[in-house]
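>>> What follows is a protein structure lacking sequence information:
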């Protein structure tokens, strides 16, 4: 893997990324994200069968329980954003594995764009099974367990995603530590192409953090960098130094994307206007990352990984 190229892609200006996207669309014929809309994606679903499913499983107030995924427009919109963030709306056709595929909305959009997709999940909730069948998506039934390798999934993947992870002993006394994550990530990498990527989305644990200091250090040692591409309006941006890149380099871009506050060790030469800048030693800032990000940006934190090397954090 060309690590310098990967890091360069993280830091390119918005205008360059936009030009690159449109050039890729023209050359490769990929459908542009701006041309995708909820109506097209929802229209591709058999509405009569979906309505019958909603009658069987829908509840008045789903809250955080699984029937919430019957809010089709909301979750299609969320997964559209995931597709855009990962750059899957342009470029070459990719082979994608989504672990914990759930209702399959993310894979539905990816396949709509021409990608080769596979889901992997446990088979406990009938609604998930029926939705995957309704969408015509391939799903491998498998339970992720500590120190247990994945089954044979055929050809290697260009991208492996795990959104809103719960298989890591989430909110239990057996939550995964560095040993479990090292085995899991090493195993995932064996299913990737040489230039493949892994994206993991974490949920907060009972202590309000996404992972402890030991796990933070472990991920950082695997090459953690700050990825300003995923900053959205109203969020907090941690401009912290990684092993191969310094998040301070991306402060201006993060602010242009709507960050309302920045935590950094280095004050920029020209501090951005109307944005709170908090100076903090790296250790202290990193230690408080999980709690603060939870306050500013919701309940998940995302790491983007490439084979054996680069991991990004938003």
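Sure thing, it's come through. No experiment lies behind these values; they were computed from the predicted model shown.
>>> Now do stretch 164-176, average pLDDT.
The pLDDT scores in stretch 164-176 average 94.
>>> now the end-to-end length of it.
15 Å (Cα to Cα, to the nearest Å).
>>> Flag every buried residue along that stretch.
165, 167-168, 170, 175-176 (16 or more other Cβ atoms under 10 Å). Where C-beta positions appear, they are placed from N, C-alpha and C, glycine not excepted.
>>> In the protein, where's the longest strand?
strand 192-203 (DSSP state E).
>>> Run through the neighbouring helices and strands of the helix or strand just after that one.
Note on strand 192-203: by DSSP states H and E, the next helix or strand toward the C-terminus is helix 213-221. On a contact count with 3 or more Cβ pairs under 8 Å, 6 or more residues apart in numbering; DSSP states H and E, helix 213-221 meets helix 178-189, helix 282-287, strand 311-313.
>>> Show the average pLDDT along helix 213-221.
81.
>>> And for stretch 100-112?
97.
>>> do the same with stretch 52-67
89.
>>> List the buried residues for it?
53, 57, 67.
>>> Wasn't the last one part of a strand?
Read it as residue 67. No: counting by DSSP: H, G, I helix; E, B strand; the rest coil, residue 67 falls outside a strand, being helix.
>>> So it is in contact with residue 125, correct?
No: Residue 67 lies out of contact with residue 125 (Cβ atoms under 8 Å); the separation is 9.7 Å.
>>> on that earlier part again, relative to the longest strand of the chain, what are the paired strands and their orientations?
strand 157-162 (parallel), strand 300-306 (antiparallel) (DSSP bridges).
>>> who's in contact with residue 103?
By Cβ atoms under 8 Å, 6 or more residues apart in numbering, the contact set of residue 103 is 69, 75, 127-128, 131-132.
>>> Return the distance of it relative to residue 110.
Residue 103 sits 14 Å away from residue 110, going by Cβ to Cβ, to the nearest Å.
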